[in-house]
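Participant: Dropping the sequence and predicted coords here.
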Amino acid sequence: MTKVCIIGASGKVGQFAAYAISKIPFVSRLVLFGREGNENFLEGIKLDFIDSFSALGRDVKLSASTNPGDIEGSDVVIITSGIPRSPGQDRLDLAKQNARVVAYYSRLIAEYAPNAIIMVVSNPVDVMTAVALECSGFAPSRVFGLGTHLDSMRLKSYIANHFSVHVSEVHTRIIGEHGETMVPLWSATTIGGIQIQNLPEFSSLPKDDFVECVKVAGSEIINKCGATIYGPGEAIATIVRTILGNEDRILSVSAYIRSEVNDIGDVCIGVPVRINRKGVFPVPIRINEEEVLGFQRSVDRIRSITSEVLSDLKSESAELDKKNNVVHKNDLLF
Ligand SMILES: NC(=O)c1ccc[n+]([C@@H]2O[C@H](COP(=O)([O-])OP(=O)(O)OC[C@H]3O[C@@H](n4cnc5c(N)ncnc54)[C@H](O)[C@@H]3O)[C@@H](O)[C@H]2O)c1
Ligand SMILES: O=C(O)C[C@H](O)C(=O)O
């Protein structure tokens, strides 16, 4: 019996991620969770899913809920709640607003599903992962964000297309911020098992164009159709499958690192991690000088916004205490 809960299931990415997850064979219970007022909407999604299960021959116990009690017993809880960016906005512009939402749900998860693994999707995902880690009080191995997995998928498809090979022949990795300062690791990119730098075509490869396309991929989709849904939804489902299947795959997600990348650490950011039933475990790596410079820049940017956001949450929490003159468990951000 495995139970997965999607918080924010009434939203676009939450809804499609839930659907993709419902097709994973070992998921037996799925909770479509949302905020109060969305009961009817969530129930509608549930009924529609049930119709599709009939066509698929799937047998998943499905619930639609706004009651925190229904998070209980979840093996994996995914937070997709929060505002998405509008055209022209950077993901980091969402930090302060979404931090409150992620903080609230992380505390709720800690209370109702203390043994769960938390996956954060809400943006800016690296900062929100740090918020979830802090507010849940969970071990770093049990809190991570979608991070640069989606960016790595995007780069992989551009490379496969350029070389006219099947995507499964391409292995590549982007680390750092899920955003402007992301760092592609060409040193860790292979095609059909061959180091990309050993291919004659490497010198004429439009590498900078590829990376630029990855950086603007999200905003391009948002400008054209309002939201990115299927790419992130499938990426989320892949990671859930990796956890529940105890697959020990190495994927790039946002995780807390101590010093795993050239001794750089103390931040939640996109890095290669081993993923299994116990959670995520950063793989110690050494990257080249140019990559270190880029990664350090990314770390500095995320670390500075993270500390601002965490400190705002702390003062808001202190303010609440003062106002109420009592400690209300549900009002506490820390
Ligand atoms: N990390 C990634 O790769 C990635 C990919 C796609 C989307 N996202 C992020 O996921 C989030 C959701 O995106 P979406 O397109 O589904 O947005 P959406 O507007 O369709 O859905 C937002 C969801 O959050 C809930 N929500 C909003 N404000 C809330 C609040 N104050 N309290 C509780 N719940 C609240 C809504 O009820 C809804 O369920 C955004 O932050 C977006 O940037 C991240
Ligand atoms: O770009 C966004 O705001 C959504 C998401 O982070 C994405 O990369 O698709």
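Facilitator: Received it, and whenever you're ready, just let me know what you need. Ligands and ions are numbered 1, 2, ... in the order given.
Participant: okay, CA-based contacts and neighbour counts for the rest of this
Facilitator: OK.
Participant: what does the stretch 201-334 of the chain have sitting close to ligand 1?
Facilitator: Ala227, Thr228, Pro232 (Cα under 6 Å from any ligand atom).
Participant: Filter these to keep only those in contact with ligand 2.
Facilitator: Okay, of these touching ligand 2 (Cα under 6 Å from any ligand atom), that's Thr228.
Participant: Closest one of the residues of the stretch 201-334 of the chain next to ligand 1 to Arg297?
Facilitator: Nearest to Arg297 out of these is Pro232 (Cα to Cα; 25.2 Å).
Participant: want to try TSV for the residues of the stretch 201-334 of the chain next to ligand 1, with distance to Leu205 and pLDDT as columns?
Facilitator: Output for these, formatted as TSV (distance: Cα to Cα, whole Å; pLDDT from 0 to 100):
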residue	distance to Leu205	pLDDT
Ala227	30	98
Thr228	27	98
Pro232	27	98
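Participant: Could you dump the residues of the stretch 201-334 of the chain next to ligand 1 into a markdown table with neighbour count, secondary structure and distance to Pro84 added?
Facilitator: Shown next, in a markdown table, are those (neighbours: other Cα atoms under 10 Å; DSSP: H, G, I helix; E, B strand; the rest coil; distance: Cα to Cα, whole Å):
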| residue | neighbour count | secondary structure | distance to Pro84 |
| --- | --- | --- | --- |
| Ala227 | 18 | coil | 8 |
| Thr228 | 19 | coil | 10 |
| Pro232 | 21 | helix | 13 |
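Participant: from the residues of the stretch 201-334 of the chain next to ligand 1, which is closest to ligand 2?
Facilitator: The closest of these to ligand 2 turns out to be Thr228 (Cα to the nearest ligand atom; 4.8 Å).
Participant: For that closest one, list the residues it contacts.
Facilitator: Val13, Gly218, Ile221, Ile222 (Cα atoms under 8 Å, 6 or more residues apart in numbering).
Participant: on that earlier part again, just the closest of the residues of the stretch 201-334 of the chain next to ligand 1 to Gly69, please.
Facilitator: The closest of these, once distances to Gly69 are taken by Cα to Cα, is Pro232, at 27.2 Å.
Participant: If you drop the residues flanking it in sequence, what lies closest to the closest one?
Facilitator: Residue nearest to Pro232 in three dimensions, not counting chain neighbours: Leu150, with 6.4 Å by Cα to Cα, 6 or more residues apart in numbering.
Participant: distance of Ile191 from Pro232?
Facilitator: Distance, Ile191 to Pro232, by Cα to Cα, to the nearest Å: 24 Å.
Participant: right, and Met128 touches Val120 too?
Facilitator: Yes: Met128 sits in contact with Val120 when judged by Cα atoms under 8 Å, with a separation of 6.9 Å.
Participant: which residues do those two both contact?
Facilitator: Shared contacts of Met128 and Val120, defined by Cα under 8 Å, 6+ apart, comprise Gly145.
Participant: three-state assignment of the residue of the chain at minimum distance from ligand 2?
Facilitator: Residue nearest to ligand 2 within the chain: Gly218 (3.3 Å; Cα to the nearest ligand atom). Following DSSP: H, G, I helix; E, B strand; the rest coil, Gly218 is assigned to helix.
Participant: Around ligand 2, which positions in the protein sit nearby?
Facilitator: Residues of the chain found near ligand 2 (Cα under 6 Å from any ligand atom) are Arg85, Arg91, Gly218, Ser219, Thr228.
Participant: ok, Ala55 - how many residues close by?
Facilitator: Residues lying near Ala55 (other Cα atoms under 10 Å) number 9.
Participant: could you measure it against ligand 1, distance?
Facilitator: Distance of Ala55 to ligand 1, given as Cα to the nearest ligand atom, to the nearest Å: 26 Å.
Participant: in what helix or strand does that residue lie?
Facilitator: In the assignment (DSSP states H and E), Ala55 maps to helix 39-56.
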